[in-house]
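**Student:** Fold the following.
(one chain, ligands or ions: 2)
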Amino acid sequence: MGRIVLHLDMDAFFSAIEQNCNPRLKGKPVIVCGDPDSRSVVSTASYEARKYGLRSGMPVRQAKKLCPHGFYITGNPKKYVYTSVQILKILRQFTARVEPFSVDEAFLDFHNTGYEEAPELASAIKKVIWDTFNLTCSIGVGPNKIVAKMASDLEKPDGFTLIKEGEFLVFFGDMRVDVLWGVGEKTVEKLENIGIHTVRDLAHFPEGALRRVFGEYGTYIKMTANGVDDSPVIPYYEGIEPKSIGHEHTLHRDTSDLSFLLATLLRLCEQVCRRMRKEGYLASTITVKIRFSDFKTITRQRKFANRIDRDDILFSIAKALFLDNYGGEAIRLIGVSASGLMKKDNDVCDPMFVDERRRGIFDRVSDSIKDRFGENSIRRGGSIRI
Ligand code: TTP
Ligand code: MG
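**Tutor:** Ligands and ions are numbered 1, 2, ... in the order given. Predicted coordinates for the structure are as follows:
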C-alpha cells in the first residue's frame, strides 16, 4: 500500500461565501473585488459570472462592461480567512499531514492508502465541507503534490479527478506547456523557441539540452512534465526554529490584487501569533517577506519596544510594512515571521496600554474556545479595512 496526495481547492471561494451570507445572491453573478467604484480588480467571480468571461485579476471597469447586471461586492478578508482556517481544521480530522497552500487550497498526505480508497475519501471530505459550510470544492488525487494539484483543476466546480502513477501524460500530454505548475510565460517563450509546445514534447525532450538552456531548472520542468515530484507535504506547524516563528505562502497565481494579498498576510499573522501563544512566546521583531513575479525578493523588518503575541497588533505592523514596500507589482510569495522571541511571564503585564491586558486575555480566551469548538467559533467584531 502506497501514499496518495490529495489537493483540495474551494470553488469560487470568496463569492461562494458571499452567496451564503446573502441567499438572494445564490445562482446570481457575484463578483468580489476591492472597492467596486475604484480602479480595483476582480478577486473572484462566481461561476454564474464566469459565463460572461469574468476572471480573477480583471479590472472591475472591464468586468462591469461584460456583466453590468452582476452584484459587485467589496471583499471582507477576515471573513474568508476565518472560513479558510475552519476548513483546515476539518481537514485535519482526516489526516494530520495537511499543508495549507493558499487561502482556499490545501494538500493532504495519506500514507498506507491505495488509489481505490480515493473516491470515497474525497466524497467524505466534500460532504463534511458541504454540510458544515454549504460550500463546494474540487479535489484532485495523485501520487504527489504536482499531479494532485493539476488534477484538482480539471473538473471544476465540485470536481473529483484521480490520476494514478504513470497516467500523467494521458491527461496532460496534449496540453500546452503553460498548464504545468511553475511554468510561466517567459519559460513558455523559451520552450517554444526550441520547438517544445506540448507537455508531451517537454516530457520526452533530452534533459541535457534542457539544462543547457535552463540550467538546474531544466531538470525540474522535465520532471514536472512527466508528473514526477518528490516534494513533501509539510504541515505548517512543523519544522519551525524556536529562534523565529514564521510562515510563508507561494500564491497559486502571481497577483497584484491587494485585497487578496492582505487576506493572505492576515492569515499568516494569525498563524504566527497562534503558534507563539501556544508555545508561550512573545516577539519583539516582525519580518515581512515579499517575492515578486520575477523572483526578486525583499524582506523588511520592524522592531518594537514591547513584546507582543497579539493578532491585531502583528497584522497592523505587517500591513504597514507591506504597504510601505509595495508598489502594485505582481507577487509570487508572501511570508511573515516573528523573532526576538522571549518566553512569556504571565504575571508581568505590559503597562503601556490600559486596555492591553484585557485584549491579551481576549486572544487567550479565544484560543481556548477555538481549541475546543473550532477556529470559526469566535471572532472579533468589525472587519479589517484594506
Ligand atoms: P482561486 O482558487 O484561484 O479561485 P476561486 O476559488 O475563486 O475559483 P476556482 O473555483 O477557480 O478555484 O482563488 C481562491 C480565492 O482567492 C478566490 O476566491 C479569490 C482569491 N483571489 C484573489 O483575491 N485574487 C486573485 O488574483 C486570485 C487568483 C484569487
Ligand atoms: Mg479556489
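**Student:** C-alpha only now, for contacts and for neighbours.
**Tutor:** Fine.
**Student:** Neighbours of whichever residue of the stretch 151-300 of the chain sits closest to ligand 1, how many?
**Tutor:** Nearest residue of the stretch 151-300 of the chain to ligand 1: residue 260, at 3.8 Å (CA to the nearest ligand atom). Neighbourhood size, residue 260 [other CA atoms under 10 Å]: 23.
**Student:** That one reaches residue 41, doesn't it?
**Tutor:** No: the pair residue 260 / residue 41 is not scored as a contact, 10.2 Å apart, by CA atoms under 8 Å.
**Student:** got the contact list for the residue of the stretch 151-300 of the chain closest to ligand 1?
**Tutor:** 43, 77 (CA atoms under 8 Å, 6 or more residues apart in numbering).
**Student:** helix or strand for it, which one?
**Tutor:** Taking DSSP states H and E as the criterion, residue 260 maps to helix 258-279.
**Student:** Now do the next helix or strand after that helix: which elements does it pack against?
**Tutor:** Note on helix 258-279: by DSSP H and E, the next helix or strand toward the C-terminus is strand 281-292. Judged by 3 or more CA pairs under 8 Å, 6 or more residues apart in numbering; DSSP states H and E, strand 281-292 is in contact with strand 297-308, helix 311-324, strand 331-339, strand 342-343.
**Student:** Low-confidence stretches in the stretch 101-250 of the chain?
**Tutor:** Low-confidence segments of the stretch 101-250 of the chain, defined by pLDDT under 70: 236-242.
**Student:** In it, which residue sits nearest ligand 1?
**Tutor:** residue 104 (5.3 Å).
**Student:** Distance-wise, check the spatially most central residue of the chain relative to ligand 2.
**Tutor:** Nearest to the geometric centre of the chain sits residue 102, at 0.5 Å (CA atoms, centre = their mean). Distance, residue 102 to ligand 2, by CA to the ion, to the nearest Å: 9 Å.
**Student:** doesn't residue 254 make contact with that residue?
**Tutor:** No: using CA under 8 Å, residue 102 is not in contact with residue 254, being 11.8 Å away.
**Student:** so the residue of the stretch 251-386 of the chain found nearest ligand 2, which of the three states?
**Tutor:** Closest to ligand 2 within the stretch 251-386 of the chain is residue 252: 9.2 Å, counting by CA to the ion. Assigned by DSSP: H, G, I helix; E, B strand; the rest coil, the conformation of residue 252 is strand.
**Student:** Name all residues that make contact with it.
**Tutor:** By CA under 8 Å, 6+ apart, the contact set of residue 252 is 101, 102.
**Student:** The residue nearest to the centre of the chain pairs with what?
**Tutor:** Judged by DSSP bridges, the bridge partners of residue 102 are residue 105.
**Student:** Repeat that for residue 302.
**Tutor:** Those that pair with residue 302 in a beta bridge, by DSSP bridges, are residue 286.
**Student:** Would you mind measuring from it to residue 45?
**Tutor:** Residue 302 sits 36 Å away from residue 45 when distances are taken as CA to CA, to the nearest Å.
**Student:** Over to residue 160?
**Tutor:** With CA to CA as the criterion, residue 160 and residue 45 are 21 Å apart.
**Student:** more crowded one of those two?
**Tutor:** A direct count of neighbours by other CA under 10 Å for residue 160 and residue 45 places residue 45 higher, at 30 against 23.
**Student:** what's around residue 34, how many residues?
**Tutor:** Quick note: residue 34 (other CA under 10 Å) scores 23 neighbours.
**Student:** Go ahead and confirm residue 59 touches residue 42.
**Tutor:** Yes: the pair residue 59 / residue 42 is scored as a contact, 6.1 Å apart, by CA under 8 Å.
**Student:** So which of those two has more stuff around it?
**Tutor:** Set residue 59 next to residue 42 and count neighbours by other CA under 10 Å: residue 42 wins out with 28 against 19.
**Student:** The helix or strand hosting residue 128: which residues count as buried?
**Tutor:** Residue 128 is part of helix 118-133, with elements assigned from DSSP H and E. By neighbour count on 16 or more other CA atoms under 10 Å, the buried set for helix 118-133 is 118, 119, 122, 125, 126, 127, 129.
**Student:** could you pull out the helices for the stretch 101-250 of the chain?
**Tutor:** In the stretch 101-250 of the chain, the segments counted as helices under DSSP state H, counting those that start in this stretch are 118-133, 145-152, 168-172, 185-193, 199-204, 207-214, 216-225.
**Student:** Redo those helices as a markdown table? Include distance to ligand 2.
**Tutor:** Below are the helices of the stretch 101-250 of the chain laid out as a markdown table (distance: least, CA to the ion, whole Å):
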| stretch | distance to ligand 2 |
| --- | --- |
| helix 118-133 | 14 |
| helix 145-152 | 10 |
| helix 168-172 | 20 |
| helix 185-193 | 22 |
| helix 199-204 | 24 |
| helix 207-214 | 31 |
| helix 216-225 | 22 |
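**Student:** Ok, which of those helices comes nearest residue 337?
**Tutor:** Smallest distance to residue 337 across the helices of the stretch 101-250 of the chain (CA to CA): 25.2 Å, for helix 145-152.
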